[in-house]
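K.L.:
Pasted the sequence and its predicted model underneath.
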Amino acid sequence: MPRLTPLALPAYVVAVTHLGGRAAFALGDGSVHLGHAADDVRAVQVHDGGILAAVAAPDGKSLITAGDDGRVMATDAEGATQLLFEKKGKWIDQLACGPQGAVAFASGRMAWVRLADGQVVEFPHEKAVGGVAFLPKGLRLATATVDKAILHWVTAKGAPAELGWKGAHTGITVSPDGRFLVTTMQEMALHGWRIEDGKHMRMTGYPAKVKSVSWSPKGRWLATAGANAAILWPFSAKDGPMGKPPLQLGPYPKLATQVACHPTEEVVAIGYQDGMVLAVRFGDQAEVAMRHPSGEPVSALAWSPDGMTLAIGTESGAAGLVDIGAA
């Protein structure tokens, strides 16, 4: 049976990942907490202010964070930090890691990409940037903004490609195979495009805004929060989810606030508005409780690379590590 080790952290958990066998929690007070047991948590003050966004580097060796101090920082499993970028006076609230050591971030109407050699490339926008993501192959940046998503070449020459759809696009993700681009919207919906030809995909019916998405290991499904269950859209066919019903996993009286697909199995962890966390298998919809309700919304979820540990964070700082291989 899964065993939960509770952790009491001092602030809102913005994001969580795993570095070198340790969970890494990025908090709203600007600190990163590293550990794998309640009595083995190291706190590192990384930002002079709050952390607004955090993602794991693709190599799993560092946590990249962006904050309201205008800094982008890297923190490794031992707590060593490195300044990657600084723009004083800016709130950097969008962040993504990509191929070849590239890191993308955005504030207001400007997006930047920092290359592995330290060079920084700017991408000005007409309206505020709502999200950044990299395509999995090549060095190409996708950004979400008002009325469109934009695909930019980072180092190669070529005009950006625009994918239009009316409305404010507040987040962006690209399928692991690079075929589909999906945005979350200010309205309670997702919008998608097939990248090769710009074909539209409309995903609606949510009772709340979608603020968490996660691709299944091979990109066959896109799991989303924002409803009283995890909504999983099928993306294995050429036309993605068009004409196909989504899976609805883990139905529950409270809204799902976070989703995280298992790294190897067709299983999704779902965090809810009251602190409940379920793990649900796609095929037979079997459920296992990973954490029971505690009153505060789940704000972060992340599986370890081997899929044996689930890290959980909440808005109050109550956190935990679930060992699914525990006897």
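P.N.:
That came through, no problem. Numbering: from 1, shown residues only.
K.L.:
separation between V103 and P124?
P.N.:
Going from V103 to P124 by CB to CB, to the nearest Å gives 18 Å. C-betas here are computed from N, CA, C, even on glycine.
K.L.:
ok, the two, which is more surrounded?
P.N.:
Higher neighbour count among V103 and P124: V103, with 24 against 9, using other CB atoms under 10 Å.
K.L.:
residue contacts, the nearest residue to the more buried one once chain neighbours are set aside?
P.N.:
In space, and not counting its chain neighbours, V103 is closest to R114: 4.8 Å by CB to CB, 6 or more residues apart in numbering. The neighbours of R114, taking CB atoms under 8 Å, 6 or more residues apart in numbering as the test, are V72, L84, F85, A102, V103, A104, F105, V120.
K.L.:
most neighbours, which of those?
P.N.:
Neighbour-wise, the contacts of R114 (other CB under 10 Å) top out at F105, 29 neighbours.
K.L.:
Could you export the helix or strand containing that one as PDB, keeping only the C-alpha atoms?
P.N.:
For F105, the element it lies in under DSSP states H and E is strand 103-107. What follows is strand 103-107 as a C-alpha-only set of coordinates in PDB (Å, rounded to 0.1, in the frame of the first residue of the first chain):
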ATOM      1  CA  VAL A 103      15.600  27.900 -21.100                       C
ATOM      2  CA  ALA A 104      12.600  30.100 -22.000                       C
ATOM      3  CA  PHE A 105      10.900  32.700 -19.800                       C
ATOM      4  CA  ALA A 106       8.600  35.700 -20.200                       C
ATOM      5  CA  SER A 107       7.400  38.800 -18.500                       C
END
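K.L.:
Spatially nearest residue to W165 (excluding sequence neighbours)?
P.N.:
H191 (4.9 Å).
K.L.:
now the chain, which segments are flagged as low pLDDT?
P.N.:
Under the criterion pLDDT under 70, the flagged ranges of the chain are 37-39, 326-327.
K.L.:
Show me the helices in it, by range?
P.N.:
Shown for the chain, no helices are assigned by DSSP state H.
K.L.:
Could you point out the bridge partners of A142 in the sheet?
P.N.:
A142 has the following beta-bridge partners by DSSP bridges: A133, L151.
K.L.:
Count the neighbours of it for me.
P.N.:
27.
K.L.:
my guess is it contacts H169, does it?
P.N.:
No. The criterion here is CB atoms under 8 Å, and A142 misses it with H169 at 10.4 Å.
K.L.:
wait, what's in contact with the residue nearest to W165?
P.N.:
W165, G167, H169, V182, T183, M185, H200, M201, R202, M203.
K.L.:
What of G108?
P.N.:
K90, A128, V129.
K.L.:
isn't the last one right next to L141, touching?
P.N.:
No. Contact between V129 and L141 fails when scored by CB under 8 Å: they sit 10.5 Å apart.
K.L.:
okay, and the common contacts of these two?
P.N.:
A111.
K.L.:
Look at the residue nearest to K87 when sequence neighbours are not counted and say how many residues are nearby.
P.N.:
Spatially, and ignoring its direct neighbours in sequence, K87 is nearest to G70 (4.6 Å; CB to CB, 6+ apart). G70: 18 surrounding residues under other CB under 10 Å.
K.L.:
Lovely, talk soon.
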